[in-house]
Structure formats: C-alpha cells, structure tokens
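>>> Can you look at this prediction? I've put the sequence above it.
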Amino acid sequence: MAKYPFETIEPKWQAYWDKNKTFKVKEDLSFPKEKRRYVLDMFPYPSGAGLHVGHPEGYTATDIYCRYLRMNGYNVLHPMGYDAFGLPAENYAIKTGTHPSITTNNNIANFTRQIKSLGFSYDWDRCVSTCESDYYKWTQWIFLQLYKKGLAYEAETPINWCPSCLTGLANEEVKEGKCERCGATVTHKTIRQWILKITDYADELLAGLDTLDWPESVKLMQKNWIGRSEGAEVTFKIADKDGKPTDDAFVVYTTRCDTLFGATFMVVAPEHKLVKKLTTPEQKEAVEAYIDAAAKKSDLERTDLAKDKTGVFTGSYAINPVNGKLIPIWIADYVLISYGTGAIMAVPAHDDRDWEFAKKFNLPIIEVLKSEVDVQEQAWTEDGVHVNSGFLDGLNKADAIAAMLKWLGEKGCGKKAINYKLRDWIYSRQRYWGEPIPLVHCEKCGCVPIPEEELPVKLPDVKSYQPTGTGESPLAAITDWVNCKCPKCGGAAKRETNTMPQWGGSCWYYLRYLDPHNDKEFASKDAINYWMPVDLYVGGAEHAVLHLLYARFWHKVLYDLGFVNTKEPFQRLINQGLITSFAYQRKNKTLVPTDEVEERDGAFYEIATGEKLESVIAKMSKSLKNVINPDDVIREYGADSVRMYEMFMGPLEVSKPWNTKGLIGVSRFLEKVWAVSEKPLCDDEISADMRKLLHKTIKKVTEDTATLNFNTAISQMMIFINEVSKVEKMPKSLWTDFVKLLSPYAPHLGEELWQKLGNDNTIAYESWPTYNEEFCKDSTVTVVVQVNGKIRDKLEVEPNTDKAEIEKAALATEGAKKFMEGKTPVKVIVVPNKLVNIVVK
C-alpha cells in the first residue's frame with residue numbers, strides 16, 4: 001500500500017491557493033442576499049509563543065463550514081487579521097529596547113505561516129492589523145464620532161496601579177490582586193482618564209440580546225454584567241455639629257427603600273469626593289491612615305465576603321429622611337466608588353455584610369422585617385411583614401416599596417430609579433503601544449478634536465518605552481510630539497498622551513474586513529449592505545462579556561449615526577470548547593510540569609520527590625510544559641490529520657483533552673482513503689448496497705456539516721471507507737461524490753484526489769453531492785427481543801411491519817423460547833421498528 005505523501009501534497013496545494021487567490025471574494029451582485037454568508041473567527045492576538053493546537057479548533061470549524069457553503073453555491077466572506085496592539089510587545093520593548101512593531105510584525109508573520117500551514121480558506125487580501133496606521137486611522141475616527149456624540153468624557157478616577165512597573169493596569173491585567181507582568185501587589189491611584197458612556201446604551205444592549213442566536217449562557221452573562229435593577233434614589237442630608245441639616249447631601253441607590261427605618265449607619269467608599277468635608281479634625285489622622293491602607297488593596301480583596309470587615313468613623317452624621325434620626329457616616333473599603341453612588345445606607349438587621357460591620361463596631365441593629373431569628377444574633381435576609389417601620393407596619397414587600405416611593409416623592413427626598421451594575425468604560429491606558437487618542441488640550445479652547453482630514457495621529461518613534469512613573473503614558477515625555485498647535489485657535493496646545501486600550505481596535509475589525517483598502521471611509525455603504533450582519537461568529541467563551549459587549553456598543557452607536565445598516569453586528573455566535581491537555585497532580589492538588597514526571601509500570605511519579613501523581617485534565621500552559629505546538633504534529637502527521645482529529649474529538653462546543661493516540665487513528669483513516677484512491681476506477685453501475693451507503697453518507701455529512709456536528713460527519717465517512725475498501729474496482733461516480741464530501745475536512749487531500757480523478761481546476765467551487773431520500777431507507781430494521789426487560793435475541797423485519805407479525809416473530813426466536821421455558825407470557829409490549837418486551841411469570 002503506497003503511503004499517503006502529505007509532506008509534498010500539502011505544501012503543493014497551499015502554494016496553489018496562494019498563487020491563484022482561490023478564496024478571494026468580491027461583492028458579486030449575482031448572488032442574492034440569501035446566498036451570501038459572512039463567517040467570522042475571533043481576532044487573534046499574535047503572541048510570541050505562536051499557535052498551540054487549541055487555536056485551530058474554531059478556525060477549522062469555520063473553514064469546513066465555509067468550504068461546504070461555497071460548494072453549495074454561496075458567496076462567502078471568510079477573513080483573517082490580527083489584534084496587534086497589546087501589552088506583551090510593549091513589555092518586551094521595555095526589557096530589550098526592540099520597537100513593539102518589530103516584535104509584533106515578526107509574530108504576525110509566524111502566525112500567518114502557521115495558519116496557512118493548516119490550509120484555511122481565508123481571503124488573505126482582506127487581512128488587517130490593528131497596529132497599522134491605515135487601520136487605526138479609522139479607530140481614531142470612530143472615537144471622534146463617540147466624542148462628538150457626547151459619549152467620551154474625561155474624569156479623575158482610580159486605576160489599578162503597579163508600584164513596581166510604575167504604570168496603570170487594566171482590570172484584565174490584574175490577576176488575584178497581583179500585577180500580571182511582575183507579580184507585585186496592585187494598589188490604586190487616582191488619575192485623569194478618558195471614559196466612554198456605555199451606560200447610555202445599557203437598555204439597548206439588554207433588549208438586543210433577545211434578537212440574537214447566541215448561547216443562553218453568554219446572553220445571561222451579558223445580562224448579569226449589565227445588571228439592571230429597579231429601586232430608589234434616596235437623599236440623606238448631612239448634619240452639622242448641632243444635628244441640623246446642611247446643604248451637603250448623599251444620594252444613595254437602594255432596591256429596598258422599604259427598609260429605610262432600619263438604616264442605622266451609612267458607609268462611603270474611601271475615594272468618595274465628600275470624604276474630606278465629612279472628616280472631623282478628631283478623625284483626620286485615622287481616616288487618612290485608613291484611606292492609605294485601602295489604596296493598597298485590589299477591588300477583589302476589598303469585596304471579599306470572607307474578609308474581616310474594616311472601617312473608620314468620619315466623625316460626621318447624616319439624617320435619616322424617614323424618621324429624622326442622626327446616623328453615623330463611616331468609611332469602609334467594601335464599598336467601591338465604581339458601583340452605584342459610592343455610598344450605601346446600611347440596614348444591618350437584614351444584610352449579612354452590614355450585620356457583621358455593625359457587630360464589629362457596636363452599631364445599632366433594628367428589625368424592620370418580621371424575622372424568624374433574633375437579629376441581634378444573626379441577620380434575617382428573607383422577606384417578612386414590616387415592623388418598627390411607622391406607616392409601613394403590616395405591609396408586605398411590594399406594597400411597602402410602593403408606599404415608600406410615594407412618600408419619598410411627596411417629601412422631595414427620593415424618587416424611583418433604575419440602576420445598572422454596568423460601569424462606564426475606562427477607555428484610556430497609560431501606555432505607548434496603543435492608538436493615540438486624537439485630541440489636543442488647549443488652555444484657551446479646552447479639549448479639541450483633531451480634524452478628521454488630519455488623521456491618523458501616528459505614534460512617534462521613541463528611545464525609551466519605560467513608564468514615566470507619574471501615571472502618564474511614555475508619550476508624555478516626548479515633548480516634540482506632545483507640543484502642537486490647537487486646530488481651533490492656532491495657539492499652543494498639547495496632544496493627549498493617553499492611548500486607547502487593546503479593546504479599541506477589536507471593537508470594529510469585522511467592519512474593516514468588508515473594505516480593508518478604502519482610504520475614504522472605514523467601509524463603503526455598498527460593502528456594508530452586501531455583507532452585514534455577520535452570519536456566524538465562532539470564538540472562545542472567555543470573550544463572552546468584554547469584547548462582545550464593547551463591539552455591540554460601538555456598533556449601536558454607528559447604527560444611530562447612520563454608518564451601518566443593522567442594530568447588531570453578530571447574528572449567530574458559537575463558543576468552541578477548550579482543547580485541554582493532560583497534567584500531573586500531587587496529593588495537595590498542585591500540578592507538576594510534564595518534564596518533571598516519569599512513568600513507571602503505568603503509574604506517574606515526580607522525579608524530584610518520588611511522589612506518586614494523579615493524571616488529570618488541565619488547560620494547556622507554558623508553565624506545565626503541556627502545550628502542543630501544531631508545527632510539530634503537522635510535521636509528523638500532516639495538516640489534514642490535525643484538522644480532522646480536532647473535529648473528531650467531540651462536539652464543537654465541548655471541551656476535550658488532546659490525545660496524540662487519537663490523532664494517529666485519524667492519520668490512519670486518511671492513509672486508508674489514499675489507499676482506496678489507488679484502486680482502479682471503473683464506469684460500472686453502483687450496486688444497490690453501495691448506492692445506499694453512498695446516499696446515506698451524503699445525507700449524514702450534509703446534515704452534520706450544515707449544523708456544525710463535524711465529529712459525527714467524520715464517523716460516517718469512516719464507515720463509508722471501511723466498506724468501499726473491500727471492493728477491487730471503484731465506480732468513478734461513487735468515488736467522485738465521496739471526494740467532494742471529504743474535501744472541506746481534508747482540503748489538501750481533497751484537491752489531490754480531485755486531480756487524480758482527471759480534473760485540472762480546484763475542487764473548492766464544485767457542486768456539493770445530492771442524495772435521494774429513497775436510497776437512504778433501510779430495507780430491514782433490527783428489532784430487539786427482551787424477556788422481562790433483558791435482551792435475549794434480535795430479529796430483522798421490514799420497516800413498519802404490523803405489530804401482530806412482529807410479536808409472532810419475536811415469540812418464535814430461540815432466545816425468547818429459551819427464557820420463556822416453563823413460564824407464562826402475561827403481556828407483550830411491541831414498539832414498532834425498535835423492540836419487543838415479553839413479560840412472563
């Protein structure tokens with residue numbers, strides 16, 4: 001049997017596709033709207049590590065689907081590009097002095113080589129990179145539209161601060177309270193930031209979810225992240241030293257205004273703007289020490305429910321609007337300035353966290369909901385009839401909330417309100433390697449946008465990428481770049497030195513793919529109307545909230561401004577499961593790198609200690625040395641084997657562990673396909689059995705490819721090859737149809753087999769085979785024969801045979817007779833085409 005020569009076949013066809021631009025696509029109006037498909041992969045970040053075998057899973061799925069669609073007469077847009085701004089390249093620049101663009105472009109070249117080596121059918125002429133100025137020109141342009149619409153504003157706000165790197169960190173750069181880069185404990189620092197008003201679109205972002213074909217889990221995550229709730233805003237006046245109301249006040253949001261009679265103290269965030277005014281001279285030293293300590297904690301640490309409650313009294317009091325009582329105002333780090341108004345009313349009898357705080361600092365606890373426990377001993381967090389609540393006594397929750405809202409409105413100290421957990425998006429970063437924000441600061445004119453015709457504002461070349469240490473971007477130190485003329489008055493001005501986050505460029509890349517070489521607009525109306533919305537978006541569940549929410553926000557703004565034609569960008573979303581790997585675990589649950597493990601007699605041991613280890617499934621990671629490089633497995637088994645194995649491992653959405661033994665099995669299948677292709681072809685008529693097998697295979701592969709159930713489609717192709725490998729001569733028409741079915745899954749082999757059949761053109765646009773439903777029907781079905789529920793025999797009958805005939809045949813089987821001997825049948829249950837159960841005594 002001749003070996004399948006993938007080592008020469010795969011590079012041959014990759015070169016053919018490149019040279020002939022086989023998958024280049026145009027906006028061909030001869031295709032009606034229903035015959036156009038936009039299939040999108042999530043934007044990869046080109047890391048220095050390159051691809052591991054988990055990356056191609058989603059790419060392979062979309063590639064098979066796109067190849068299938070083309071063969072079914074669709075015009076398919078399937079692009080690829082790179083989310084190229086990112087921290088790793090800047091960190092590497094800080095260490096080595098190598099410009100981030102050099103590192104990034106080297107990584108992009110490596111990623112592109114690896115992606116092409118897997119035979120994906122991308123239109124490479126549409127490839128984009130967010131760090132190229134002809135791309136980020138339009139990222140800057142979109143930012144200016146947000147700014148002009150009043151959706152971008154400046155504010156002094158706390159950021160995560162790394163005292164070692166001397167720079168601000170995004171939330172995603174903080175892992176368990178530590179700097180992801182250096183491991184130092186993250187603190188907080190208040191600096192000037194640019195912020196996008198995503199909260200203005202909270203209701204639209206919520207409502208739009210109901211129109212999308214997305215996993216329910218992702219929609220739920222977005223709903224929870226937006227966190228819409230209905231409640232009340234209540235105004236608490238601050239008292240002077242004599243207990244009289246001042247002009248200063250707190251506004252507190254609460255979903256339980258009916259518990260106001262139980263509010264016995266207030267808590268404000270350490271960063272609250274009124275803290276200085278609230279702090280009395282006697283408390284000044286204690287308050288300042290507490291604020292300093294709170295700045296050294298991450299949000300995660302501050303809000304940890306298990307942590308010991310800390311706080312400090314400001315020395316001031318507020319006035320409870322419902323009963324006029326003075327209640328002390330405390331500062332505590334468990335209240336975050338980023339949530340709600342940064343101040344809460346505390347009802348300790350009915351909230352666990354408030355109860356713990358009240359107990360620690362000996363504050364009053366007043367029951368206002370009839371409880372089944374002593375609220376002095378523990379909080380009652382269930383509902384109950386109102387008590388100790390004046391005009392609310394005896395009312396249930398709904399009636400009490402309605403009555404309190406009415407009372408607050410009449411007294412002018414509160415109103416019904418809607419709140420969101422969603423915070424406005426802190427959009428600026430104090431980094432070099434990001435898009436410059438296209439604004440200047442003029443003493444006379446204030447903040448002035450750069451004229452659109454002067455875009456892009458390009459990043460300047462710098463000698464040092466070190467952070468300034470003041471919280472400003474490294475750009476702030478480049479005076480020749482910073483100092484400029486005001487576009488409005490012509491006077492002296494300074495450029496904005498914050499840069500955009502990595503999320504900026506990835507918010508809209510799917511639109512640039514539509515028209516990537518257009519220098520007049522981010523995409524033409526014709527291209528947008530031709531392709532949008534994205535029909536299928538495939539990517540990891542880790543992007544469920546941030547990227548997908550930010551992209552939806554930008555798209556909705558662009559829709560409101562008339563630049564796009566749909567309210568939502570991504571109609572259907574699929575999350576592929578993780579491809580995991582094996583790791584080795586000690587008794588204390590810690591993991592051991594694979595190169596520190598040895599196998600003896602089928603068991604695994606840590607080399608250094610001799611401890612016996614348990615083999616477990618874990619995420620691939622460099623630290624565990626269990627990452628599988630696709631270059632290695634492609635070199636040994638071929639790209640088609642890798643593609644088909646990743647799809648054969650299990651359903652697309654399910655996580656599954658990599659096992660090279662499984663890859664070997666798929667490789668042998670392709671060897672078998674190659675061996676069958678070496679059989680002599682004939683023009684003989686296909687036998688009835690073979691015809692049935694072919695049509696069943698066409699039907700199964702068609703239906704499963706259309707629904708992305710690739711693993712079961714591959715199983716059917718394996719069944720087909722096992723059967724046809726038994727014939728001596730291969731009917732050409734049968735083999736031609738099979739080669740077409742195989743080609744989306746193993747495209748290099750598919751092209752080669754197509755050529756062996758005497759064809760000069762690519763198989764990529766050949767018509768997909770069709771099946772006849774009549775030829776798929778079985779002439780007989782297998783019916784299981786049970787006696788008292790246990791399988792005792794089987795029989796073959798024609799489909800839909802009469803129940804009486806099936807019963808008679810079942811009773812006559814040897815298995816049934818053997819286990820009925822000496823017993824009396826009391827009941828016979830017949831399920832046509834499936835089973836007969838004989839109940840005997």
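Received it, and whenever you're ready, just let me know what you need. Residues are numbered from 1 along each chain as shown.

>>> Quick one: residues contacting Gly434.
Residues near Gly434 by Cβ atoms under 8 Å, 6 or more residues apart in numbering: 85, 499-502, 504. (C-beta placed from N, C-alpha, C; glycine too.)

>>> My error: substitute Leu613 in the last question.
584-586, 592, 597, 604-606.

>>> Make a ChimeraX selection of whichever of these turn out to be buried.
Per 16 or more other Cβ atoms under 10 Å, the buried members of the contacts of Leu613 correspond to this ChimeraX selection:
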select :584,592,597,604,605,606
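
>>> Farthest pair within the contacts of Leu613?
Pairwise distances among those were taken by Cβ to Cβ; the largest, 12.4 Å, belongs to Gln585 and Tyr605.

>>> Not counting sequence-adjacent ones, nearest residue to Pro680?
Lys729 (5.4 Å; Cβ to Cβ, 6 or more residues apart in numbering).

>>> so the one you found sits right up against Glu678, yeah?
No - counting by Cβ atoms under 8 Å, Lys729 stays clear of Glu678, with 11.9 Å between them.

>>> Skip the chain neighbours and tell me the closest residue to Tyr530.
Using Cβ to Cβ, 6+ apart, the nearest residue to Tyr530 is Glu27, at 4.4 Å.

>>> scratch that, Lys309
Lys309 sits nearest to Phe357 (Cβ to Cβ, 6+ apart), 4.7 Å away.

>>> Identify the residues contacting the helix or strand hosting that neighbour?
According to DSSP states H and E, Phe357 maps onto helix 352-360. Residues from elsewhere that reach helix 352-360 (Cβ under 8 Å, 6+ apart): 264-265, 267, 305, 308-309, 311, 330, 332, 334, 346-349, 363-365, 375, 378-379, 381.

>>> quick check, distance from it to the centre of its chain.
Centroid separation between helix 352-360 and its chain, computed with Cα atoms, centre = their mean, to the nearest Å, is 37 Å.

>>> Ok, stretch 732-746 next?
35 Å.

>>> ditto for stretch 621-639
For stretch 621-639, the distance to the chain centre is 24 Å (Cα atoms, centre = their mean).

>>> can you pull the buried residues of it?
Quick answer for stretch 621-639 (16+ other Cβ under 10 Å): 624, 626-628, 630, 633-634, 637-639.

>>> likewise stretch 484-497?
484, 486-487, 493-497.

>>> swap in stretch 812-825?
Neighbour-count burial for stretch 812-825 [16+ other Cβ under 10 Å]: 813, 815-816, 819-820.

>>> among these, which are in helices?
Of the buried residues of stretch 812-825, the ones assigned to helices by DSSP state H are 815-816, 819-820.

>>> that older thread, can you tell me which two in the contacts of Gly434 are farthest apart?
Every pair of the contacts of Gly434 checked by Cβ to Cβ; the farthest is Thr499 and Gln502, at 10.0 Å.

>>> about what we covered before: of all the contacts of Gly434, which comes closest to Lys672?
Gln502 (45.7 Å).

>>> number of nearby residues for that closest one?
Close neighbours of Gln502, defined as other Cβ atoms under 10 Å, add up to 22.

>>> So it sits against Phe85, correct?
Yes - in this structure, Gln502 is within contact of Phe85 by Cβ under 8 Å, at 5.2 Å.

>>> And for Thr190, the neighbour number?
Thr190 has 15 nearby residues by other Cβ under 10 Å.

>>> where does it land in three-state SS?
Classification of Thr190 by DSSP: H, G, I helix; E, B strand; the rest coil places it in strand.

>>> quick one: secondary structure of the closest residue to it other than its chain neighbours?
Counting by Cβ to Cβ, 6+ apart, the nearest residue to Thr190 once its immediate chain neighbours are dropped is Pro158, at 4.9 Å. The assignment at Pro158 comes out as strand when based on three-state DSSP.

>>> what is Arg572 paired to in the beta sheet?
Following DSSP bridges, Arg572 is listed with bridge partners Asp213.

>>> so Tyr122 touches Pro79, yeah?
Yes - with contact defined as Cβ under 8 Å, Tyr122 and Pro79 form a contacting pair (6.2 Å).
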